[in-house]
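> Below is the sequence, then the predicted model.
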Amino acid sequence: MKNKILIIDDEINVGLLLSRYLTKNGFEVSNTTTGTSAIEMLENEKFDLILCDYRLDDTDGREILKHVKENYPATGVIIITGYSDIRLAVELIKMGAYDYIVKPLYPDEILNTVNKSLETKKALKKHSSNKNENKAEILNFPKYVEGKSKPSLKLLEQINLVAPTNYSIILHGKSGTGKECVAKTIHLNSLRKNEPFVAMDCGSLSKELAASEFFGHEKGSFTGALSTKVGHFEQANGGTLFLDEVANLSYETQAILLRAVQERKIKRIGSTKEIDLDVRIIIATNENLENCIQKGTFREDLYHRFNEFSINVPSLKDRSEDILVFADCFLAEANEELNKNIVSFSKEVKNCFLTYNWPGNVRELKNVIRRVALLTNGHQIEMSALPLEFEKVSSAKSQQREKRLTALKKSGNTAQDLKKLTKEAEYTAILNVLKEVNFNKTKAAKILQIDRKTLYNKIKVNNLNEEEIENR
Ligand SMILES: Nc1ncnc2c1ncn2[C@@H]1O[C@H](COP(=O)(O)OP(=O)(O)OP(=O)(O)O)[C@@H](O)[C@H]1O
């Protein structure tokens with residue numbers, strides 16, 4: 001489909017010449033000579049771009065630009081001025097004009113500016129649809145499972161504390177522990193929650209493309225820059241930028257990142273236009289950044305820039321109390337996704353989950369649950385649905401139990417050992433309670449849930465009289 005252009009110029013001949021030239025170059029062009037008629041045309045027709053002479057009989061380019069920005073933000077505006085006034089140009093660009101052209105008009109220059117403006121428009125459209133996607137994604141952010149173990153409660157406390165601030169944050173933690181999930185939760189609990197959350201994987205970023213990924217580029221600014229690209233910083237403007245695996249960034253890339261963060265301004269590659277930044281940065285790493293600084297692979301100044309607050313996201317094996325909480329939540333999610341109604345895990349499966357080491361952390365647990373949910377047809381998840389590594393855990397556990405039993409049997413004293421143990425436990429329990437209640441036997445019997453007579457017998461058999469204890 002052809003791009004539609006509206007030319008507003010009170011010099012009829014200039015307007016007609018422009019119109020002919022642009023039509024020849026593949027555009028669909030309309031002309032008018034006054035601001036009033038232009039406003040009417042805009043009400044009836046959608047234009048991609050407006051070329052507007054700054055001085056018009058009934059108004060000026062500034063007013064037209066204001067009207068268009070307010071009412072048709074998707075339409076680009078290029079202002080044509082009769083004289084070179086850099087202050088005016090800067091002001092118009094700040095107001096949202098895509099570009100300006102100084103008369104006399106040169107065909108190549110016009111075509112170039114028109115094409116560039118349409119590229120910018122396309123990139124911005126993509127950017128804003130990304131922003132919308134972002135909003136949609138926010139709605140789809142996975143529910144944050146809080147956990148009940150001590151490390152999880154501490155983590156939650158830190159998230160709640162730092163989220164409403166603008167602090168930069170470093171998230172430390174092994175792969176799959178939930179660093180991105182924590183970053184998203186911080187974003188959702190911040191004042192920026194309605195702005196974009198942009199995640200960028202620095203682990204796979206090549207040195208050559210890093211600047212363009214961070215800051216974007218203009219079409220043709222280097223070989224391979226086939227179209228204008230909005231960088232991650234610009235996409236995240238107003239919101240949060242999450243940089244994953246920062247330890248993998250090259251030293252040079254760290255330098256350009258530091259400059260942008262310090263100056264709070266960026267320029268797309270190939271552009272002279274500065275863009276002000278208001279981005280909160282959260283970085284994540286599964287390496288010890290202090291060691292990286294020692295080794296000379298991570299810049300200390302960059303580390304301190306980001307380290308306004310740091311959070312350690314614990315491994316799953318260090319919060320085993322949460323394993324079944326996570327498992328239940330992921331099972332509920334899987335039920336919904338697969339339209340199933342699996343209600344529980346067998347006792348053996350639960351034991352297996354609690355014994356397993358979870359090297360892939362929460363991600364591995366989530367994947368395992370999705371897999372077993374898919375394989376299960378009944379209401380309970382059984383061992384047979386678990387992957388092979390879990391069978392090993394289970395058989396290692398039963399082997400251990402077996403070994404202990406064989407050792408006991410070999411000693412031939414199983415029954416006697418058990419008797420001895422029981423007696424010792426009974427002795428300690430009675431002694432502790434008696435001491436606690438100052439040898440008040442009625443109270444002690446009540447606590448121990450035995451009758452007074454039985455307690456007297458046990459005191460006698462175990463030599464637990466008050467005098468005897470005190471004399472010992
Ligand atoms: N607290 C949590 N609540 C709900 N889901 C979680 C939680 N923590 C982790 N997950 C889930 O576990 C998976 C891995 O989490 P995430 O990608 O955040 O880990 P990561 O530490 O950033 O991993 P990597 O270092 O490999 O990038 C995701 O599917 C995420 O939704």
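Looks like it came in fine.
> Residue 171 falls within a strand, correct?
Yes - applying DSSP: H, G, I helix; E, B strand; the rest coil, one finds residue 171 inside a strand.
> Excluding chain neighbours, what is closest to the closest residue to the ligand within the stretch 101-250 of the chain?
Per C-beta to the nearest ligand atom, residue 178 is where the stretch 101-250 of the chain lies closest to the ligand, at 2.4 Å. Glycine gets a C-beta too; all of them are placed from N, C-alpha and C. Residue nearest to residue 178 in three dimensions, not counting chain neighbours: residue 362, with 5.0 Å by C-beta to C-beta, 6 or more residues apart in numbering.
> contact partners of stretch 31-50?
By C-beta atoms under 8 Å, 6 or more residues apart in numbering, the surrounding residues in contact with stretch 31-50 are 3-10, 12, 15-16, 19, 30, 52, 56-60, 63-64, 67-68, 71-72, 75-78, 98, 114, 117-118, 121.
> Quick check: residues of this structure near the ligand?
142, 144-145, 173, 175-181, 244, 284, 286, 362-363, 366 (C-beta under 6 Å from any ligand atom).
> Keep only those of those residues that are in strands.
Counting by DSSP state E, those place 244, 284 in strands.
> Drop anything exposed from the residues of the chain next to the ligand.
By neighbour count, with 16 or more other C-beta atoms under 10 Å, the residues of the chain next to the ligand hold 144-145, 173, 176-181, 244, 284, 286, 362, 366 as buried.
> Among the contacts of stretch 31-50, which ones are in helices?
Residues of the contacts of stretch 31-50 located in helices (DSSP state H): 12, 15-16, 19, 63-64, 67-68, 71, 114, 117-118, 121.
> Of these, select the buried ones using a PyMOL command.
Filtering the ones in helices among the contacts of stretch 31-50 down to the buried ones (16+ other C-beta under 10 Å) takes a single PyMOL command:
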select buried, resi 15+19+64+67+68+114+117+118+121
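> Export the ones in helices among the contacts of stretch 31-50 as TSV, with columns for pLDDT.
Output for those, formatted as TSV (pLDDT from 0 to 100):
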residue	pLDDT
12	89
15	89
16	90
19	93
63	91
64	93
67	91
68	91
71	86
114	92
117	84
118	86
121	71
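> residue contacts, residue 184?
Applying C-beta under 8 Å, 6+ apart to residue 184 gives the contacts 141, 144, 197, 242.
> What are the contacting residues of stretch 305-320?
The contact list for stretch 305-320 (C-beta under 8 Å, 6+ apart) reads 147, 149-152, 155, 158-159, 162, 165, 167-174, 177-179, 182, 246, 258, 261-262, 281, 283, 322-323, 326, 354, 357-358, 361-362, 364-365.
> coming back round to it: I'd guessed the residue of the stretch 101-250 of the chain closest to the ligand sits against residue 361; true?
Yes - with contact defined as C-beta atoms under 8 Å, residue 178 reaches residue 361; the gap is 7.4 Å.
> Count the residues that sit near the spatially closest residue to residue 373 that is not a sequence neighbour.
With sequence-adjacent residues excluded and distances taken as C-beta to C-beta, 6+ apart, residue 373 is closest to residue 334, at 3.6 Å. Burial of residue 334 is recorded as 19 neighbouring residues (other C-beta atoms under 10 Å).
> I'd assumed residue 334 was in a helix, is it?
Yes - judged by three-state DSSP, residue 334 forms part of a helix.
> close enough to count as contact, it and residue 371?
No - using C-beta under 8 Å, residue 334 is not in contact with residue 371, being 9.0 Å away.
> can you give me the strands for the stretch 1-150 of the chain?
For the stretch 1-150 of the chain, applying DSSP state E, counting those that start in this stretch gives strands covering 4-8, 28-32, 49-53, 76-81, 99-102.
> which other residues reach the fourth one?
It stands for strand 76-81. 9, 48-54, 61, 64-65, 68-69, 88-89, 92, 96-103, 105, 113-114, 117-118, 120-121.
> what about 7 Å?
For strand 76-81, the external contacting residues (C-beta atoms under 7 Å, 6 or more residues apart in numbering) are 9, 48-54, 61, 65, 68, 88, 92, 97-103, 113, 117, 121.
> got it, and stretch 103-113?
18, 21, 25, 78, 80, 81, 82, 99, 101.
> State the mean pLDDT of that stretch.
In this model, stretch 103-113 has a mean pLDDT of 86.
> Mind listing what's buried along it?
Within stretch 103-113, the residues that count as buried by 16+ other C-beta under 10 Å are 110, 113.
> tell me how far it is from the chain's mean position?
Relative to the chain's own centre, stretch 103-113 is displaced by 45 Å; criterion: C-alpha atoms, centre = their mean, to the nearest Å.
> Export that stretch to CSV, keeping only CA atoms.
As requested, the backbone C-alpha atoms of stretch 103-113 are provided in CSV (Å, rounded to 0.1, in the frame of the first residue of the first chain):
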residue,chain,number,x,y,z
LYS,A,103,14.1,26.2,1.3
PRO,A,104,15.2,26.1,-1.6
LEU,A,105,14.1,22.6,-1.9
TYR,A,106,16.3,20.0,-3.5
PRO,A,107,14.5,16.8,-4.8
ASP,A,108,17.0,14.3,-3.5
GLU,A,109,17.0,16.0,0.0
ILE,A,110,13.3,15.9,0.1
LEU,A,111,13.0,12.3,-0.9
ASN,A,112,15.7,11.3,1.6
THR,A,113,14.0,13.2,4.4
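> pLDDT score assigned to the residue nearest to residue 390 when sequence neighbours are not counted?
Once flanking residues are discounted, residue 390 sits nearest to residue 352: 5.0 Å by C-beta to C-beta, 6+ apart. Looking at residue 352, its pLDDT is 91.
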